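> please work out how this folds:
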Amino acid sequence: MAPVLSLLSALTLLSTVIHSVHGTNIDSAKRLLRREGEGEQLVPFLDYQAITDAADAAISEELQRRGLLDEGSMKEKRTLRCPKINVRKEWRQLTKSEKKSYIKAVKCLTTKPDYGISTYSDKMYDAFTYIHEQNWFLFHGCATFPVWHRWFVWLREVTMREQCGYDGPFPYWNYTLDWKDPFASPIFSSDPEIGFGSHGKVAIEEIPGATGFKVDNGAFANFRVNLPEPHYLTRNFSLWKDSDPTEKYGKAFGKWFGPEQLQKTLAANKFWDFEKILDGLEAPQSLGIHNGPHFNNNGDWSGPGWLINNPTYYPWKSTAPNDPMFFPHHTYVDAVFWKWQQKPGKQYDYGGSTDIFNQTKNDAKLTDMLPFSGFGPDIPVALTMKTESFPLCYTYKF
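Coordinates of the predicted model:
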């Protein structure tokens, strides 16, 4: 099994290969994002018109902040208000009943249609993996990472509420609390009702080159996922030992997302500095709050790196949302972003590079559009910047 830092280097190298194979730039790639049938309202529980109106208003507000539009000439103003502000909580703060309801709703997604979003599966659960892997290099390792994933996680929450009746707090996993021994966290309990389980005992390789262990305990024991092809949910929580046998970076790379790294992340002065620290773009010193939990294990949750030995799927496929742990993980990443935004002057601070191939650019703007491959309308970055505004309508108990 390849060492984790070698995997990261390979991903960076492959970004350059992708660039040369396409013979294009990021702007050209963006034009390829939308599928046939663009403009169709595929997802019935999303209010396309309300989202579009809120997006137009968010752009007008940004133009006004720049001094390019005075208040009297603003074309759109936000008229829709949040009916309530949902409070997201750490997994350990949920009651047992709330945990059971959350996991039941996650499983419920495997029974719901995806309204034609994915070309590989007709299940809503798989739709999240599908849209996450579509031109994934447009929203990883660049300025769009925190904002694209904020909306992505919100889509998951809305879908669980509207399609599966979940009405509890949407949870995050504060793995900074578990940095001394991450996989001993109670979230990985083998409890068949409220545990996300560990990595199991049976080694499998259903997808050629993609090794690991079938999850055989917890609420997701023997759980099947369908992208890039049907297989058992796969994990390997011992991968980190191959790269750091002396625990230089802590057990399971815990130092990369421990309290010291969290404070360093929150101390960033500008958004682009924040994103570079958050996303581990300073590697190999640290893979950051975000990438630490992806790279300390192997399997679906690891993303493209899990498929590195399969040329059919690597680097185009990214399986990370197959693992139910992806969303408590990324909700915490969003919580850290939210916490940073509470500092004076940071709410609408945005900038840096939108190009994973060239991080020296400074072209990111709040008016840039974020692609969601048919899962609702594409939206401007500006619409994601304040979680307490419509349509996001949430905050954190952090």
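> ranges for the helices of the stretch 101-250 of the chain?
For the stretch 101-250 of the chain, applying DSSP state H, counting those that start in this stretch gives helices covering 124-133, 144-164, 240-243.
> give the buried residues for the shortest one.
The neighbour-count check on helix 240-243 (16 or more other Cβ atoms under 10 Å) flags Trp240, Ser243 as buried. Bear in mind the C-beta positions are built from the backbone N, C-alpha and C, glycine included.
> before we move on, what about the longest one?
For helix 144-164, a neighbour-count test (16+ other Cβ under 10 Å) marks 144-161, 163-164 as buried.
> and that helix with helix 124-133, angle?
Taking axes from the mean of the first three to the mean of the last three Cα atoms, to 10 degrees, one finds that helix 144-164 is oriented at 170 degrees with respect to helix 124-133.
> rounded mean pLDDT for helix 144-164, please.
Over the span of helix 144-164, the pLDDT mean works out to 98.
> got the CA positions of it in CSV?
Output of helix 144-164 as CSV, limited to C-alpha atoms (Å, rounded to 0.1, in the frame of the first residue of the first chain):
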residue,chain,number,x,y,z
THR,A,144,-14.0,27.2,-4.1
PHE,A,145,-13.4,24.3,-1.7
PRO,A,146,-15.0,25.6,1.5
VAL,A,147,-17.9,27.3,-0.3
TRP,A,148,-18.8,24.5,-2.7
HIS,A,149,-18.8,22.0,0.1
ARG,A,150,-20.9,24.2,2.3
TRP,A,151,-23.7,24.1,-0.2
PHE,A,152,-23.1,20.4,-0.9
VAL,A,153,-23.5,19.5,2.8
TRP,A,154,-26.6,21.7,3.0
LEU,A,155,-28.1,19.8,0.1
ARG,A,156,-27.6,16.6,2.0
GLU,A,157,-29.3,18.1,5.1
VAL,A,158,-32.3,19.4,3.1
THR,A,159,-32.6,16.0,1.3
MET,A,160,-32.6,14.1,4.5
ARG,A,161,-35.2,16.4,6.0
GLU,A,162,-37.5,16.6,2.9
GLN,A,163,-37.2,13.1,1.6
CYS,A,164,-36.6,11.1,4.8
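> check which helices and strands it is in contact with.
Applying 3 or more Cβ pairs under 8 Å, 6 or more residues apart in numbering; DSSP states H and E, we find helix 144-164 packed against helix 96-108, helix 124-133, helix 271-278, helix 326-341, strand 369-370.
> list the pairing partners of whatever helix or strand comes next after the last one within its sheet, with orientation.
Looking back up the chat, that one is strand 369-370. Of the helices and strands lying after strand 369-370 in sequence (DSSP states H and E), the nearest is strand 379-380. Take DSSP bridges as the rule and strand 379-380 pairs in its sheet with strand 369-370 (antiparallel).
> His140 and Ser118: what is the separation?
With the distance defined as Cβ to Cβ, to the nearest Å, His140 ends up 20 Å from Ser118.
> so what's the residue count around Phe327?
The local packing of Phe327 (other Cβ atoms under 10 Å) involves 22 other residues.
> ok, Thr79 next?
10.
> so what's it up against?
Residues touching Thr79, when contacts are defined by Cβ atoms under 8 Å, 6 or more residues apart in numbering, comprise Asp53, Ala57.
> could I get stretch 303-321 in CSV with only the CA atoms?
Provided in CSV are the C-alpha atoms of stretch 303-321 (Å, rounded to 0.1, in the frame of the first residue of the first chain):
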residue,chain,number,x,y,z
GLY,A,303,-11.5,9.7,-2.2
PRO,A,304,-9.5,9.5,-5.5
GLY,A,305,-6.4,8.1,-3.6
TRP,A,306,-8.2,4.9,-2.9
LEU,A,307,-8.4,4.2,-6.6
ILE,A,308,-4.8,5.1,-7.5
ASN,A,309,-4.1,1.5,-8.6
ASN,A,310,-7.1,1.4,-11.0
PRO,A,311,-6.4,3.4,-14.2
THR,A,312,-10.0,3.0,-15.3
TYR,A,313,-11.2,5.2,-12.4
TYR,A,314,-8.2,7.2,-11.2
PRO,A,315,-8.2,10.1,-11.0
TRP,A,316,-11.6,10.9,-12.3
LYS,A,317,-13.7,9.1,-9.7
SER,A,318,-14.0,10.3,-6.1
THR,A,319,-15.8,7.9,-3.8
ALA,A,320,-15.5,9.8,-0.5
PRO,A,321,-19.3,10.6,-0.1
